[in-house]
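Participant: Would you be able to build a 3D model of this:
(one chain, ligands or ions: 1)
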Amino acid sequence: MFIFMYKLLRGFLPAYLSMHIDNPPTCHYATRSSISGNFFIQPRFYRLSSSLNSFFPRTIKAWNALPETVKQSPSPHQFKVLLKLHLLKAIPSNPPVKYHNLSNGSIGRFLIQISLGLSPLKSQLFKYNLTDNPFCQICKLDVETPLHYFTGCPPLTTLAVELRSNVRLLLLKFPRIARFVGDLHSNEVYLNLLLNGVIHVPFSNSSDLDTELSPFYLDLYKITTNYVFHTKRLLPID
Ligand SMILES: [Zn+2]
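Facilitator: You can find the predicted model right below:
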C-alpha cells in the first residue's frame with residue numbers, strides 16, 4: 001500500500017484515484033524542487049466511522065507516519081529499498097512471546113484468574129467476600145490457596161507430583177530457558193512459572209531464546225492445563 005501511495009503522489013497512477021487525496025500529484029520525474037516538497041497528506045474528515053476503516057484513510061495515516069527520507073525517495077526503486085529498511089527496523093523480528101496469550105477456554109481463563117487473584121479458588125473468593133468458607137472443596141482440610149491447589153491438596157497428590165516432574169523434565173529439555181526460572185524448590189518460583197511463564201528472560205538481547213520460548217510455553221501450558229483438567233476442579237462438586 002506504501003508503493004501505491006508513492007506512485008499516486010508522484011502521478012504514476014490514473015487521475016481518478018487522486019480524487020481521494022488532497023495533494024495533487026506532482027510530475028512523474030522527481031526534480032529537486034519536488035523532492036523537497038512536503039509529502040504529508042491532509043487526512044479528510046469522514047462522516048461515517050465505518051469509512052475510517054476503509055482503504056484511503058488507513059493508508060494515508062500509515063503513509064504520514066513514514067519518515068520524510070523514505071517518502072521523499074526520488075525513484076520508486078529507492079523508495080522500495082528505504083521502505084524495506086525502515087520496516088525492518090520498525091518491526092522487531094521476534095516479538096516477545098507472552099505465556100498468557102496461549103490461554104483459552106475455561107481452563108486457560110482459570111489460570112489467568114488465579115494469577116490475578118480472583119479465581120474460583122476458595123481463598124480468593126473468600127478474600128473478596130464471595131464465599132464465607134475459604135476451605136478447599138476437594139479435601140476440606142486446608143484453605144484453598146493457589147499453592148494448596150497445585151502442591152498441597154492430599155487427594156491431588158499423585159497428579160501434583162506428576163505435574164512437578166513434568167515441569168522438571170520440560171526444563172531439562174530447555175536448559176537455556178531453565179537458567180532464567182530460578183530454584184524450582186521454591187514454591188513461589190514454581191507457582192509463578194505455572195501461572196505466568198518465565199518473567200525474567202532478557203527478550204531483547206537474545207532472539208534465539210525467543211524462538212525457544214514458544215515451544216517451551218506450549219508444553220508448559222499443555223501440562224498445566226492437563227493438571228487442572230484431571231483435578232476436575234472446574235466441575236461442580238456434588
Ligand atoms: Zn484440598
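Participant: and the helix ranked longest in the chain, anywhere near the ion?
Facilitator: As assigned by DSSP state H, the longest helix anywhere in the chain is helix 207-231. No. Using CB under 5 Å from the ion, helix 207-231 stays clear of the ion, coming no nearer than 9.6 Å. Just so you know, the C-beta spots here come from the backbone N, C-alpha and C atoms, and that holds for glycine as well.
Participant: same question, stretch 111-123
Facilitator: No. Judged by CB under 5 Å from the ion, stretch 111-123 makes no contact with the ion; its nearest approach is 9.1 Å.
Participant: distance between the ends of that stretch?
Facilitator: 15 Å (CA to CA, to the nearest Å).
Participant: What parts of the protein come near the ion?
Facilitator: Near the ion, when you scan the chain using CB under 5 Å from the ion, you find C136, I138, C139, C153.
Participant: re earlier: what pLDDT, on average, does the longest helix of the chain get?
Facilitator: Here helix 207-231 scores 88 as its mean pLDDT.
Participant: Identify the residues contacting F150.
Facilitator: Contacts for F150 (CB atoms under 8 Å, 6 or more residues apart in numbering) come out as A160, L163, Y190, L191, L194, Y227.
Participant: Among the residues you listed, which one lies nearest to M1?
Facilitator: Using CB to CB, L194 comes nearest to M1 of the contacts of F150, at 43.0 Å.
Participant: Helix or strand with the lowest mean pLDDT in the chain?
Facilitator: One helix or strand of the chain scores below all others by mean pLDDT, DSSP states H and E: helix 32-35, with a mean of 42.
Participant: Following the chain past that one, name the next helix or strand.
Facilitator: Counting by DSSP states H and E, the next helix or strand C-terminal to helix 32-35 is helix 55-64.
Participant: List the buried residues of that next one.
Facilitator: F56, P57, T59, I60, W63 (16 or more other CB atoms under 10 Å).
Participant: still on that earlier bit, elements contacting the longest helix of the chain?
Facilitator: With contacts defined as 3 or more CB pairs under 8 Å, 6 or more residues apart in numbering; DSSP states H and E, helix 207-231 has these neighbours: helix 105-116, helix 157-173, helix 175-178, helix 187-196.
Participant: How far off centre is the third one?
Facilitator: From the chain centre to the centre of helix 175-178 is a distance of 21 Å (CA atoms, centre = their mean, to the nearest Å).
Participant: Report the buried residues of it.
Facilitator: For helix 175-178, using 16+ other CB under 10 Å, the buried residues are I177, A178.
Participant: thinking again about what came up before, contact partners of the longest helix of the chain?
Facilitator: Helix 207-231 is touched from outside by 93-94, 96-97, 99, 102-103, 107-108, 110-111, 138, 149-150, 156, 159-160, 162-163, 166-167, 170, 173-174, 176-177, 193-194, 197-198, 201-203, 234, with contacts defined as CB under 8 Å, 6+ apart.
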